[in-house]
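> attaching a predicted model along with its sequence, questions to come.
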Amino acid sequence: MCLAVPLRIVEINGNEALAELDGVKMKVRIDLIKDLKVGDYVYVHAGFAINKLDEKLAKENIELIKEVANAAKVQRL
Amino acid sequence: MQLKFKDYKAILDIVEFIKNYNKKNIKIMEICGTHTMSIAKSGIRSILPNNIKLISGPGCPVCVTAITRIDEILSLVQNKDIIITTFGDMLKVPGSVDRMSLSTLKSMGAKVEIVYSAMDALTIAEKNPDYEVVFLGIGFETTAPGTAIAIKEAKAKNIKNFSVFSLHKFVEPALRALLNSDDFDVDAFICPGHVSAILGIKGFEFLAKEYKKPSVITGFEPEDIIVAIYKIIMQFEKNFAIIENEYLRVVTYEGNKIAQDVMNEVFEPVDDIWRGIGLIPQSGMGIRDCYSEYDTVKKFNIKLDYQEKTTACKCGEVIKGMMEPNECPLFAKICSPENPVGPCMVSSEGACAAYYKYLRV
Amino acid sequence: MNDIITLDFGSGGKKTSQLIEEIILPAFNNDILNSLMDGAILNGHKKIVFSTDSFVISPYFFPGGDIGKLAVCGTINDILMCGAIPKYLSLSFILEEGFKIEDLKVIVNSIKETAEVCNVKIVTGDTKVVEKGKGDGIYINTSGIGFLEVESYGKDKIEDGDVVIVTGPVGDHGIAVMSARNNFFVDSSIKSDCMPLINLANIIFKYGDKVKIMRDPTRGGLATTLNEFVERTQLSIELFEDKIPIRREVLAACEVLGIDPLYSANEGKIVLIAAKSIAEDLLSDIKSLPEGEQAAIIGNVTSSYQGVVVLKTGIGGSRILNKLTGAQLPRIC
C-alpha cells in the first residue's frame, strides 16, 4: 500500500530537506521526524519522510536475515 | 552506511527450505499492495510449494475505494470547473458508467494533475488562486499524515482554494471485518511494513493476540518477504501465534508518534464503504470539524452514498482472499490493464494487475 | 530577425524565406538542399530502406539532448536497425507561434551536429507555423533513406540457443524525460542516452547473418522489444535479471517513483539476438566502443516456452515479462 524508499539527508531547511539516493536528489518534508541530522537515512513516502532508518538496527536486520538463513540451512541438513 | 539488502545469495538457503517445505497447508495474506507488487516482481510465487498460498489482501488503497466514491469524484470533475490533483495510481480507475475515468475526463479537457505528494497539490492551489484545487486523499496510515500536514499548512497560510476529498482509511477495522466474516479463510498475515512504521508493532498485535494468527511485519525487499514466510512456517511448526517484526530497520514498537498525532488532529474515524467489502464502521478518515473548510465533501455539498454498487468484477472476493485473480470470470478476458473493469486491475499494485503483469511461469 | 516565431514565418512569403535562409540552409549546407527544389534528387542504390518518425516531446530540451538530436537519432537508428546505412533525411518543423528563435537555433544546431556525425545529409524539408495554443512549442518530423547493407535480419532467423545482447544500461531516456517533465528531482545525474547508433551498428553489420535481429528498444523499453522478437513464434527468451545493466541512479529514480526500468524508453541502445558461436567475439567488439562499454549478454533463446519472455529473478524465481500495458505513471503505492 505504501511505496517508500530509503534516502540520505544532505541538507535541512526548516521542515524541508534535500534527500539523496545514488545521485538522485529530491525535496522531502521532514515534519514527521524529530531531531533529524544531515547524514541520517529516512524512508520517504509520497514526499514525506515517515521514519528514520536506524543504522545499528539496519545491521541487526542484516544479521537477522543471516541467522534465519543459517537456521534454514541446518533444518535442510 | 553500507546497506547490504538485495543480497540474494544470503537467502538461497531459506528459499531452498521453503521450496521443499511440504508439511502443512498455510494460506498467508499479504495485506499490503506494495508487498503484492514485490512478490510478483521477484517471482516469489514461482518458488512456493503447493501447500503454501499467498493471498493479496485489502491493502491497495485504489482497489478498496468504492466505485460509488469514484462516481462521486467523476461527477464533481464534470460539474465544476476545478483542478483535481491525484496520485498517478487513481487516474485510470473507471467509474460505473461507460468506463469513464479521470484519465478519459482529462482527455476531454478536465484539469487533472498528477502529483507525487499532497504538498505538490497545495503548491498548485497557491499558483492557481482563481481555481478550486481538490486533492484526492487516498491511502492508509502511511499516507494520511502527509495529507494532514498539507491541510494544516493550508490553514496556516490561509489558502482558501484548496480542499481534500478524503478517501483515507484505517487498516485495522477492515482486517477485523474480514476476520469476523464467516467466509474468510486465511491462516497467517504478512503485515504492511510502512503502515507499521507509523502505527508501530502494537498496531498489529491484535492479529496474534485476539485472532491467534501468526503475523510478521516485514520490509519490501524479496529477502524480507522470504524471511517473513519462513518465520510464519516456523510459527506453525512450533504451534504458536505471535506478532514478529522482521523490519527492524524501520519499525519500532510504538511507531511514529508525531505522525499518529498529526493524523488524529486532522482526521477522525467515520463509517466508510470499501469496495467488495461494503460498509465498515469507523474505518474511514473524515476531516474533523475544525478543518471542515478544507473538506471537499462539505465545500461542494456532496451527498455521500453509502451503498456500494455491484459490478460483474470480483475485486471484492479477490481482496477478501476468497478468490485468486485468475478465477474471476473477467480476468484477462474482458478485464486487462489496458482496459480495466475493476480497480484491482487498474492499480499496478492491485492483485489482478500484479497477476497479469507478472504471471507465474 | 525578431526573437519569436510568428504566424508570418509560416506564410510562405518573405519571413519564411528569411527563416530558411538564415537558420536552416547555413546549418545543413549541401548541394541537394541548396537547390531549394520542391523535392530532392538523390543518387540511388540496389535496395534502399525508407523510414519516418514524428517527434513530440515535452520538455523539448531535456538532460542529455533535445528534440532536434532526438529527431535525427530516431530515424537514423530505425534505418540502422533494418541493416542499412542512413544517407539522406527530410526535416519538417511544425512551430507554435511565439516559439523562441533562439531555441530554434539551438535545436537546428543539434540536428546539424548529429547528422554530421553520421555523415547523413538533410536534403529536403518544410516549416509550418500554428497559432499560439495549438501546438506544444515545436514538433519535428524526419524521414530518412538508407542503403541496405545486411539483408538477412528478421525474427524468423532466431534459433534455439541464440543469445541476447544489450549494448548498455537500459531505461535512461524514459526516466530522464519523465523526471525533467515533472520536476520530481532537484538535481539528478540521469541523462537521456539519446545518440546515433551508427558505430555500434557498423560493428554488428560485420557479423552478417550471425546476428539474427536487432532493434533499438525505444518506447515500451527492453521488455516490450524482447516480446516483439518472440511473440507468435515457437521460441521464448530467458532473461537473467541480475545480468541486465542498469545505472544506479536510474534504478534509484525507478524505486522512488515506483517504475520498472525494463519498460522505460532508451534512445541509444541496441538489443540483439546473435548466434552463440560469435556472441563472445561480438560482445568484446561492442565493448571496445565507448558507447558499448557496459554491453552484456543478458539472456538466451530457448524452446522451453512459446512466444514469451521469462525473467529469472535474483532469488531464483521466474516470471513472465509482458509487453508494456499503458503508460508508466509514478505511483505512491
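Sure thing, it's come through.
> quick one: name whatever helix or strand follows the stretch of helix or strand C:I298 belongs to.
Taking DSSP states H and E as the definition, one finds C:I298 inside strand C:296-302. In the C-terminal direction, the helix or strand that comes right after strand C:296-302 (DSSP H and E) is strand C:309-312.
> now the residue most central in space within chain B: closest residue in space that isn't a chain neighbour?
Residue closest to the mean C-alpha point of chain B, counted by Cα atoms, centre = their mean, is B:C60 at 2.7 Å. Taking Cβ to Cβ, 6 or more residues apart in numbering or on different chains as the measure, B:C60 lies nearest to B:G33, with 3.3 Å between them; neighbours along the chain are not counted. C-beta: built from backbone N, CA, C; applies to glycine.
> that neighbour: what's it in contact with?
B:G33 is in contact with A:1, B:56, B:59-61, B:63, B:347, B:349-351, C:333, counting by Cβ atoms under 8 Å, 6 or more residues apart in numbering or on different chains.
> strands of the stretch 201-350 of chain B, residue ranges please.
Counting by DSSP state E, counting those that start in this stretch, the segments of the stretch 201-350 of chain B that form strands are B:215-217, B:243-245, B:267-274, B:278-287.
> out of those, which is the most enclosed?
The highest mean neighbour count among the strands of the stretch 201-350 of chain B, using mean count of other Cβ atoms under 10 Å in any protein chain shown, belongs to strand B:215-217: a mean of 28.
> and for residue 54, the neighbour number?
You didn't pick a chain, so chain A it is. A:D54 sits with 16 neighbouring residues when counted by other Cβ atoms under 10 Å in any protein chain shown.
> I was thinking of chain C, sorry if that wasn't clear
C:S54 has 14 neighbouring residues, counting by other Cβ under 10 Å.
> now C:F50: which helix or strand?
Element membership for C:F50 (DSSP H and E) is strand C:48-55.
> give the pairing partners of that strand; include direction for each.
Strand partners for strand C:48-55, identified by DSSP bridges, are recorded as strand C:138-148 (antiparallel).
> list the buried residues of the strand it pairs with.
Of all the residues in strand C:138-148, those buried under the rule 16 or more other Cβ atoms under 10 Å in any protein chain shown are C:138-147.
> nearest to chain A, of the residues you listed?
For chain A, the nearest member of these is C:I138. The distance, counting by Cβ to the nearest Cβ, is 28.3 Å.
> verify the stated contact: that closest one with C:L104.
Yes. Shown here, C:I138 and C:L104 form a contact pair, counting by Cβ atoms under 8 Å, at 7.4 Å.
> identify the contacts common to these two.
Contact criterion Cβ under 8 Å, 6+ apart; residues shared by C:I138 and C:L104: C:93, C:95.
> quick one: residues contacting the nearest residue to C:Q328 once chain neighbours are set aside.
Take C:Q328 and drop its neighbours on the chain: the residue closest to it by Cβ to Cβ, 6+ apart is C:I259, 5.1 Å away. Residues in contact with C:I259 (Cβ under 8 Å, 6+ apart) are C:175, C:178, C:253, C:328, C:330-331.
> is it true that B:Y247 touches B:V195?
No. B:Y247 sits out of contact with B:V195 when judged by Cβ under 8 Å, with a separation of 10.9 Å.
> so which residues on the stretch 151-300 of chain B come close to chain C?
Within the stretch 151-300 of chain B, the positions lying close to chain C (Cβ under 8 Å from any Cβ of the partner chain) are B:222-223, B:226.
> chain A next: which of these are close?
Okay, of these touching chain A (Cβ under 8 Å from any Cβ), that's B:E223.
> what are the bridge partners for the nearest residue to B:N245 once chain neighbours are set aside, then?
On the basis of Cβ to Cβ, 6+ apart, the spatially nearest residue to B:N245 that is not a chain neighbour turns out to be B:I217, at 4.7 Å. B:I217 forms beta bridges with B:C191, B:N245, as assigned by DSSP bridges.
> report the contact partners of B:I217.
With contacts defined as Cβ under 8 Å, 6+ apart, B:I217 is in contact with B:191-193, B:196, B:201, B:204, B:243-247, B:251.
> picking that back up, can you pull the contacts of the residue nearest to the centre of chain B?
With Cβ under 8 Å, 6+ apart as the criterion, the residues that contact B:C60 are A:1, B:33, B:36, B:343-344, B:347, B:349-351, C:333.
> equivalent analysis for C:M195, please.
Residues C:73, C:267-268, C:291 are the ones in contact with C:M195 under the rule Cβ under 8 Å, 6+ apart.
> same deal with B:K160?
Under the criterion of Cβ under 8 Å, 6+ apart, the contact partners of B:K160 comprise B:E293.
> interface residues of chain C facing chain A?
Proximity of chain C to chain A is confined to C:184-190, C:248-249, C:251-253, C:255-256, C:258, C:331-333 under the rule Cβ under 8 Å from any Cβ.
> quick revisit: distance of the residue nearest to B:C60 relative to B:G43?
Here B:G33 is placed at a distance of 18 Å from B:G43 (Cβ to Cβ, to the nearest Å).
> returning to what we had before: and which of the contacts of B:C60 is nearest A:V10?
When the contacts of B:C60 are compared for distance to A:V10, the smallest value, 26.5 Å, is given by C:C333; criterion: Cβ to Cβ.
> reformat the buried residues of strand C:138-148 into a markdown table and put pLDDT next to each item.
Putting these into a markdown table (pLDDT from 0 to 100) gives the following:
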| residue | pLDDT |
| --- | --- |
| C:I138 | 97 |
| C:Y139 | 97 |
| C:I140 | 98 |
| C:N141 | 98 |
| C:T142 | 98 |
| C:S143 | 97 |
| C:G144 | 97 |
| C:I145 | 97 |
| C:G146 | 97 |
| C:F147 | 97 |
